[in-house]
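1. What would the 3D arrangement of this be:
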Amino acid sequence: MKSNKLICVAPMMAWTDKHCRFLHRQYAPSALLFTEMVTTGALLYGKQTHLLDHDHCEHPVALQLGGNDPAALAECAAMAEERGFDEVNINVGCPSDRVQKGTFGACLMREPELVAECVKAMQAQCSIPITVKCRTGIQVKGDNNEFATMDFLQNFIAHIVDAGCQRVYLHARVAVLGGLSPAQNREIPPLTMDKAKSIKTQYPALELVVNGGITDLEQAEELLGWADGIMIGRAAYHNPRFLSQLEEKIYNPNFTYSEEDILDSYQRYAEVFLQNGDRLHSLTKHLLHCFNGRPGARRFRQILSDQSRLKDNDISLIAEAYDQVSKTKQN
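-> Residues are numbered from 1 along each chain as shown. This next block holds a predicted model:
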């Protein structure tokens, strides 16, 4: 029987585009995939509706939205449902300076009433789940840690639960606003899974999916002992086989996969997009880490990074690159 636990691939800017999601789906048939964060402005004013494009195989797939205006978020949630997304997620966790200037992302945690209003407005416009991704708190210079306490987190969660939010993705670190880059914010603030566990105890009916520093099966199983799901970020991108390990362990003990078949499938997928005007680099960049740490991986990456062939959209380099890895298997 299939587990009711959630295995999710985190939304990652410049990474989890439609091509990346197609690839990840080959490794993990059951994982919940996320788009990159898409701002409401890009959809409503920039008319960048291509950001909603996705392949039918990606389901279940969630759209993550960035914004702080309930009406705009509601309109975009309706668009997401119309385009077939399975869930819409509000970004209340991104610490980047660009996002802060737009007064959304992690800085929204200081306005739980507004986030609750956004949840309600979006729920009123569509029938698919509206979820929230946040941190355990935020730190701003001179704030005396008032936004990083357990009381602060409990108050935030209480507001969105009261608004009807039934699932929260909790990155178990505070977000440091100012002074740290997004990359540093994923590493320097310590993980505080105890806070996440406390929230689950306090709100047993809330689906709590934890995020942060999950890189191996042992960690994943320990967290799934009390959480409703786990969200994998960089580990999924730099080692997509980890997703297959989770698929087998959590969903289907009989699951098997062939890396040759995955590469063949991805090449056929890529051919369609090249015919429609995409550039080969936008497709091959997601393959670079497929064989990290394994014999032939360096040569695999070198071939996929051949600038002259990429410029010429020479798709044969995918099969040629894989040949370097398969040769080492045979030797």
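2. Next one: residue 173 from residue 83, what distance?
-> From residue 173 across to residue 83, the span is 32 Å (CB to CB, to the nearest Å). Using the backbone N, CA and C atoms, a C-beta is placed for each residue, glycine as well.
3. What does the pLDDT read for residue 329?
-> pLDDT, residue 329: 61.
4. Mind exporting the C-alpha coordinates of the longest helix along the chain to PDB?
-> Determined from DSSP state H, the single longest helix within the chain is helix 259-275. These are the backbone C-alpha positions of helix 259-275, laid out as PDB (Å, rounded to 0.1, in the frame of the first residue of the first chain):
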ATOM      1  CA  GLU A 259      19.400   5.500 -15.800                       C
ATOM      2  CA  GLU A 260      19.800   4.700 -19.500                       C
ATOM      3  CA  ASP A 261      16.000   4.800 -19.900                       C
ATOM      4  CA  ILE A 262      15.800   8.100 -18.000                       C
ATOM      5  CA  LEU A 263      18.400   9.700 -20.300                       C
ATOM      6  CA  ASP A 264      16.700   8.300 -23.400                       C
ATOM      7  CA  SER A 265      13.400   9.700 -22.200                       C
ATOM      8  CA  TYR A 266      14.900  13.100 -21.500                       C
ATOM      9  CA  GLN A 267      16.600  13.200 -24.900                       C
ATOM     10  CA  ARG A 268      13.300  12.500 -26.600                       C
ATOM     11  CA  TYR A 269      11.700  15.200 -24.500                       C
ATOM     12  CA  ALA A 270      14.500  17.700 -25.300                       C
ATOM     13  CA  GLU A 271      14.100  17.100 -29.100                       C
ATOM     14  CA  VAL A 272      10.600  18.400 -28.900                       C
ATOM     15  CA  PHE A 273      11.700  21.600 -27.200                       C
ATOM     16  CA  LEU A 274      14.600  22.200 -29.600                       C
ATOM     17  CA  GLN A 275      12.200  22.000 -32.500                       C
END
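5. Residue 173 and residue 83 - which one has more neighbours?
-> Ranked by neighbour count (other CB atoms under 10 Å), residue 173 and residue 83 place residue 173 first, with 24 against 12.
6. in a helix, that's where that one is, yeah?
-> No. Read with DSSP: H, G, I helix; E, B strand; the rest coil, residue 173 is strand and lies in no helix.
7. That one contacts residue 185, correct?
-> Yes. Using CB atoms under 8 Å, residue 173 is in contact with residue 185, at 7.3 Å.
8. Low-confidence ranges, the stretch 201-331 of the chain, go.
-> Scanning the stretch 201-331 of the chain for pLDDT under 70 picks out 328-331.
9. mind listing the strands for it?
-> Assigned by DSSP state E, counting those that start in this stretch, the strands in the stretch 201-331 of the chain fall at 207-211, 229-232.
10. As a markdown table, those with distance to residue 150 and mean neighbour count would be great.
-> A markdown table is the format used below for the strands of the stretch 201-331 of the chain (distance: least, CB to CB, whole Å; neighbours: other CB atoms under 10 Å):
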| stretch | distance to residue 150 | mean neighbour count |
| --- | --- | --- |
| strand 207-211 | 15 | 23 |
| strand 229-232 | 21 | 23 |
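11. Now do the helices in the stretch 101-250 of the chain.
-> Counting by DSSP state H, counting those that start in this stretch, the stretch 101-250 of the chain has helices at residues 112-125, 150-162, 182-185, 193-202, 217-224, 234-238, 241-246.
12. okay, now the nearest residue to residue 129 once chain neighbours are set aside: neighbour count?
-> Spatial nearest neighbour of residue 129, chain neighbours left out: residue 87 (4.7 Å); criterion: CB to CB, 6 or more residues apart in numbering. Neighbours of residue 87 under the rule other CB under 10 Å: 19.
13. Likewise for residue 12?
-> Neighbours around residue 12, by other CB under 10 Å: 18.
14. So what touches stretch 5-12?
-> Outside of stretch 5-12, the residues within contact range by CB atoms under 8 Å, 6 or more residues apart in numbering are 16, 21, 24, 28, 30-37, 62, 64, 89, 91, 133, 169, 207, 209, 211, 224, 228-234, 236-237, 243, 246-247, 250-251.
15. starting at the chain centroid, how far to that stretch?
-> Centroid displacement of stretch 5-12 relative to its chain, using CA atoms, centre = their mean, to the nearest Å, is 5 Å.
16. And for stretch 213-226?
-> Offset of stretch 213-226 from its chain centre (CA atoms, centre = their mean): 17 Å.
17. in it, what counts as buried?
-> The neighbour-count check on stretch 213-226 (16 or more other CB atoms under 10 Å) flags 213, 214, 220, 223, 224 as buried.
18. Of these, which is the nearest to residue 286?
-> Distance to residue 286 across the buried residues of stretch 213-226 (CB to CB) is lowest for residue 214, with 20.2 Å.
19. what sits against the closest one?
-> By CB under 8 Å, 6+ apart, the residues touching residue 214 are 220, 223, 230, 231, 232, 233, 235.
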